[in-house]
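[1] prediction below, plus the sequence it came from.
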Amino acid sequence: MDKVLIIGGGIAGMEAAGQLLKLGYEPVIAEKEDHLGGHVAGWHKLFPDMMDASALIEQLASKLDGATVYLRTRVAYMNRLKDGYSVMLSNGTGLVCRAVLIASGFRLFDAAKKEEYGYGVYDHVITNSDLEAWFNGVEDFRVPENPRHIAFVHCVGSRDLKAGNPQCSKVCCMTAIKQAIEMKEKFPDAEIWCFYMDLRLFGKKYEDFYINAQRDHGIHFVRGRVSEVGEDIDGRVVLKAEDTLAGTQVKLKADLLVLMAGMLCNEDTATIASMVRAAVDSDGFMRSRDNIYRINESNRPGIFFAGACTGTKTVPETVAEARAAALDIHNYLSGND
Amino acid sequence: MIDFGFGLSRSSAVRLDEVDLSLYKRLEELEPQVRTCIGCGSCSATCTAGPWSGMSIRKVILNLQRGRDIEKMLSNCMLCGKCTMVCPRGINTRHLILSLCRIYEKK
Ligand SMILES: Cc1cc2nc3c(=O)[nH]c(=O)nc-3n(C[C@H](O)[C@H](O)[C@H](O)COP(=O)(O)OP(=O)(O)OC[C@H]3O[C@@H](n4cnc5c(N)ncnc54)[C@H](O)[C@@H]3O)c2cc1C
Ligand code: SF4
Ligand code: SF4
Ligand code: SF4
């Protein structure tokens, strides 16, 4: 039976592997980390249903019986054969396969690069990803015990030419509102402030979160981008912004600042793409044949994509794409194209 | 005309189809980047002159886009360039102010 190499064992790689198994193929996952699940393995609850992220990963993992999974493994090289690819993995395993699925996902923007927000410098500045870890029980001394004011700053490293990324990361408005509600539930006495440029709540039931945040949780929304952050002598973070709807400069002394770091292309994208001479898009992500009908296809025969390696995606989008990719691969391998 | 006993005051609504955009169009020619402003307010939040003078690049741009005069506001700018450092759309706001000054000089 045909082997299919899957680069990346995030939710995209896992779901595709599960589907390929059902279709009768032998998926081989190469995952560079020591666990499957990718970024979602680090999240706590998933919008819009607030499903446990770990429950999703367990569900996906339960369908991998029979798949070969190599952890701490990357692709060392891939060569094009007449009909397929000869692959050498970093663990010394070699394989030949006619189809390869790239599911290498995204990379979180390094918030320390936006120096004006003081990540890694001030005591109480964390990212969306740090907060998910804290929800999961990871100790974090930057989260104070009794915060009176908590601020969320949207678009950190997204929609920002100076940070090198003009694109919107699309999931972080929703993440901010989700996390704001969760924080309000943990700290009912705290005032919570979201600083945004535009609110992008585009998905099924997403607007409900916005309405709940306003109506049931009294979360404050300030339409202005924070221009700089300082720290006062008590260690509180001091945010400066313009409230553009009121047309006035505003300041906020907060006990915790959460930065909505954006989604960028994975740093391995260019390397993987060059091995098989697949194209990289102008946004740094993998380039699909088109962005409407052939998102799963690359410009090279037998090379397919699924998930956030082609752009920012939500979990349901990623999982749907992974299934579609499995079917595309099946059609390709069985000559149904 | 029937006299209802009260007058209608002129509406303060801006008639977008009637505003004079000539100043803004001249600015667009000199500073094409201005079109990409998203009104985020980073420039005005960081402006050194803002707190005491009300200076705001965001307002300057928006007012021009709505056909309003902004000459008075311009004179508050100290050309320090802080606003240019924070603009997420990479608009050279300091240069934009210089171009506006040139436009007003010629007017
Ligand atoms: C803070 C935050 C919260 C979010 N919360 C939600 C939510 O609640 N609901 C929702 O719908 N979406 C959410 N998302 C989006 C969600 O994280 C993505 O949709 C999802 O992670 C995409 O999965 P993926 O498998 O494509 O990529 P990833 O999760 O990035 O997985 C890619 C995998 O590939 C591996 N890999 C990368 N390069 C290589 C290589 N060269 N060799 C081998 N392996 C490699 C990585 O180690 C990783 O395991 C959130 C995103 C962020 C940033
Ligand atoms: S989703 Fe919201 S926070 Fe994220 S980049 Fe887009 S506008 Fe900014
Ligand atoms: S910082 Fe740039 S994009 Fe934002 S309001 Fe000012 S000029 Fe416009
Ligand atoms: S250059 Fe002018 S508008 Fe810009 S920050 Fe300085 S004083 Fe304010």
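    Thanks, I have it. Ligands and ions are numbered 1, 2, ... in the order given.
[2] and the stretch 151-300 of chain A, which residues reach ligand 1?
    A:171, A:175, A:263, A:266, A:268, A:272 (CB under 6 Å from any ligand atom). Placement of C-beta: from N, CA and C, glycine included.
[3] show me where the stretch 101-250 of chain A has its strands.
    In chain order, the stretch 101-250 of chain A shows strands spanning A:106-108, A:125-127, A:149-156, A:191-196, A:220-223, A:228-231, A:237-243, A:248-254, with DSSP state E, counting those that start in this stretch as the criterion.
[4] tell me if the third one is near ligand 2.
    Yes. Judged by CB under 6 Å from any ligand atom, strand A:149-156 and ligand 2 are in contact via A:154, A:155.
[5] ok and that strand relative to strand A:237-243, angle-wise?
    Calculated by axes from the mean of the first three to the mean of the last three CA atoms, to 10 degrees, strand A:149-156 forms an angle of 60 degrees with strand A:237-243.
[6] residues in contact with strand A:149-156?
    Contacts with strand A:149-156, where a contact means CB atoms under 8 Å, 6 or more residues apart in numbering or on different chains, come from A:109, A:111, A:114, A:117, A:127, A:163, A:168-169, A:172-173, A:176, A:179-180, A:183, A:187, A:190-197, A:225-226, A:237, A:239, A:252-262, B:88.
[7] neighbouring strands - and their directions - for that strand?
    strand A:191-196 (parallel), strand A:256-261 (parallel) (DSSP bridges).
[8] and which of the residues of the stretch 151-300 of chain A next to ligand 1 is nearest to residue A:141?
    Nearest to residue A:141 among those: residue A:175, at 22.5 Å, using CB to CB.
[9] next, count neighbours for the nearest residue to that closest one once chain neighbours are set aside.
    Computed as CB to CB, 6 or more residues apart in numbering or on different chains, the closest residue to residue A:175 that is not its neighbour in sequence is residue A:128, at 5.3 Å. Look at residue A:128: counted by other CB atoms under 10 Å in any protein chain shown, it has 23 neighbours.
[10] cool, and residue A:295?
    If you count neighbours by other CB under 10 Å, residue A:295 ends up with 21.
[11] go on, the one 3 residues further on?
    Neighbours of residue A:298 under the rule other CB under 10 Å: 22.
[12] looking at chain B, which helix is longest?
    Longest helix in chain B, counting residues (DSSP state H): helix B:93-106.
[13] residues of chain B that sit close to ligand 4?
    B:47-49, B:55, B:57, B:77-83, B:93-94.
[14] from the residues you listed, which is closest to residue A:297?
    residue B:93 (42.5 Å).
[15] spit out the contact partners of whichever residue of the stretch 101-250 of chain A sits closest to ligand 4.
    Nearest residue of the stretch 101-250 of chain A to ligand 4 (CB to the nearest ligand atom) works out as residue A:227 at 9.8 Å. Applying CB under 8 Å, 6+ apart, one finds that residue A:227 lies in contact with A:116, A:240, A:241, A:242, B:41, B:42, B:43, B:45, B:46, B:86.
[16] most proximal residue of chain B with respect to chain A?
    residue B:41 (3.2 Å; CB to the nearest CB).
[17] for chain B, see how far away residue A:94 is.
    Going from residue A:94 to chain B by CB to the nearest CB, to the nearest Å gives 47 Å.
[18] wait, doesn't that residue sit right on residue A:87?
    Yes. Residue A:94 is in contact with residue A:87 according to CB atoms under 8 Å; the separation is 6.8 Å.
[19] part of a strand, is residue A:87?
    Yes. Assigned with DSSP: H, G, I helix; E, B strand; the rest coil, residue A:87 falls within a strand.
[20] and it, how many residues sit next to it?
    Neighbourhood size, residue A:87 [other CB under 10 Å]: 23.
[21] so how far is residue A:219 from it?
    According to CB to CB, to the nearest Å, residue A:87 stands 49 Å off from residue A:219.
[22] over to residue A:318?
    Residue A:318 is 28 Å from residue A:219, by CB to CB.
[23] same question, residue B:40
    20 Å.
[24] and these two? which has more neighbours close in?
    Comparing residue B:40 with residue A:219 by neighbour count (other CB under 10 Å), the higher total belongs to residue B:40, at 28 against 22.
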